[in-house]
Structures are given as C-alpha cells and as structure tokens.
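**Q** Quick one: sequence and predicted model below, then my questions.
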Amino acid sequence: MSESHGAEHPPGAQRDRATGARDTAEVSAEEALRQRHTVRARSASDRTTGACRFAGVEADAGAVIAVPTAAAAKAVNAVRLSAGALAALAQGAPDPAADARQARNAAAASVLAAQIAQSQGGGEHGDAAYQAALKASQAAGLAAGRDGMGRSEALNTAAEEAEAAAVAAARAAGWM
C-alpha cells in the first residue's frame, strides 16, 4: 500500500504510520540545512561585530535600546539581533524555514552595521562592503522566503555565495 498523503512530504521522506515520526533520512536533511543556515548566520554575525568594531563601537549583545537613534545605539541593536538569531538557531528541532529566517535576520543586522561602518569612512572599499552586505541580506531573504522556505538548493547556494562575497568585501574594507 502506498501512503495516501505522500505528496505532502519531501521526496524520500517517509513517516511511520503508527507514530507519525520522521525517518532518519529526513531528520538528517533538516539538520544539514540547519547547519548551512547556521554557518551563514554566524558569518553575518561576525561581519556585524567586525563592522561595529571598525566604527569604534564595542556593542554589548545584551543591551536593549528601544528606539535607537545614535550610531552606537543602532550598532548595539544590530549585534543584539545577530546574537538572538544565533541563539534561536541553537534551540529546538531543526526547521528549515525558521532556520533560514534566522540566517536572514543575522544578514539584515549586518546591513545596519555595514551602514554604520561605511559612515565612518572607508571610501570605495567601504561602499563595496556595504553593497555586498545588502546583496547578502537580499539573497538570505530569498532563501528564507515563500519560494525557498529554507529548503531550496539554488537559493541556499546563492545566499552562501553572497555571504562569501560580503565577507571578502568586509575584509577588503578592513572591517574583519
């Protein structure tokens, strides 16, 4: 007999009819996706920290500023958001859509930090690093979005490539 709702599960995923539990192949695939999203989130978090340091802001991830207006306050919030994304990735069972959203959140926080660092100078390299941060954030957003839901190989690969380019640009700008 075939499973009546087989189209609801990813290819190769099977559920035990008695318990509803997923087989280890699906769990392993979800854990592998979580690892990919975590690597991207950690990289974006490192870029956030580096850009803040370049801007002369040593931010405390535990500080909360309700309405940040000064660059330092914005940097503190960017670091806090980035740290929160990493903490969320370490909790609970792997969920590719949620995990990809956390990687997206970390990439978005790095854009704010890049903007702050760019405002401190850096010329052409700073501008390029800011633009690369934007592209990495956009790619992470696509990977996490409705079309990708954290599972699309093509969108995840594009996000990883954009993150690598953002790291290279941040290094060239002296932010990392």
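**A** Done, it's in.

**Q** other SSEs contacting the helix-or-strand element of the chain with minimal mean pLDDT?
**A** Using mean pLDDT, DSSP states H and E, the weakest-scoring helix or strand in the chain turns out to be helix 71-89, at a mean of 87. Other helices and strands packing on helix 71-89, by 3 or more Cβ pairs under 8 Å, 6 or more residues apart in numbering; DSSP states H and E, are helix 24-54, helix 96-119. Every C-beta, even on glycine, is put in place using the N, C-alpha and C of the backbone.

**Q** Out of the ones you listed, point me to the one whose mean pLDDT is lowest.
**A** Note on the helices and strands packed on helix 71-89: helix 24-54 shows the lowest mean pLDDT, a mean of 90.

**Q** would you turn the helices and strands packed on helix 71-89 into a markdown table with mean neighbour count and distance to residue 174?
**A** Below are the helices and strands packed on helix 71-89 laid out as a markdown table (neighbours: other Cβ atoms under 10 Å; distance: least, Cβ to Cβ, whole Å):
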| stretch | mean neighbour count | distance to residue 174 |
| --- | --- | --- |
| helix 24-54 | 21 | 6 |
| helix 96-119 | 26 | 9 |
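
**Q** For residue 159, which of these is the nearest?
**A** Closest approach to residue 159 among those is made by helix 24-54 (6.1 Å; Cβ to Cβ).

**Q** helices or strands next to the closest one in the packing?
**A** With contacts defined as 3+ Cβ pairs under 8 Å, 6+ apart, helix 24-54 has these neighbours: helix 71-89, helix 96-119, helix 123-144, helix 153-172.

**Q** need the contact list for residue 88.
**A** Listed by Cβ atoms under 8 Å, 6 or more residues apart in numbering, the contact set of residue 88 reads 98, 102.

**Q** okay, the helices and strands packed on helix 24-54, which one's buried deepest?
**A** helix 96-119 (a mean of 26; mean count of other Cβ atoms under 10 Å).

**Q** what's the angle from that one to helix 153-172?
**A** If you take axes from the mean of the first three to the mean of the last three Cα atoms, to 10 degrees, helix 96-119 sits at 20 degrees to helix 153-172.

**Q** Need the helices and strands packed on helix 24-54 in a markdown table (columns: distance to residue 46).
**A** Shown next, in a markdown table, are those (distance: least, Cβ to Cβ, whole Å):
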| stretch | distance to residue 46 |
| --- | --- |
| helix 71-89 | 9 |
| helix 96-119 | 9 |
| helix 123-144 | 12 |
| helix 153-172 | 8 |
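
**Q** So for residue 50, which of these sits nearest?
**A** In terms of Cβ to Cβ, the element of the helices and strands packed on helix 24-54 nearest to residue 50 is helix 153-172, at 5.9 Å.

**Q** now the least confident helix or strand of the chain against helix 24-54, angle please.
**A** 160 degrees.
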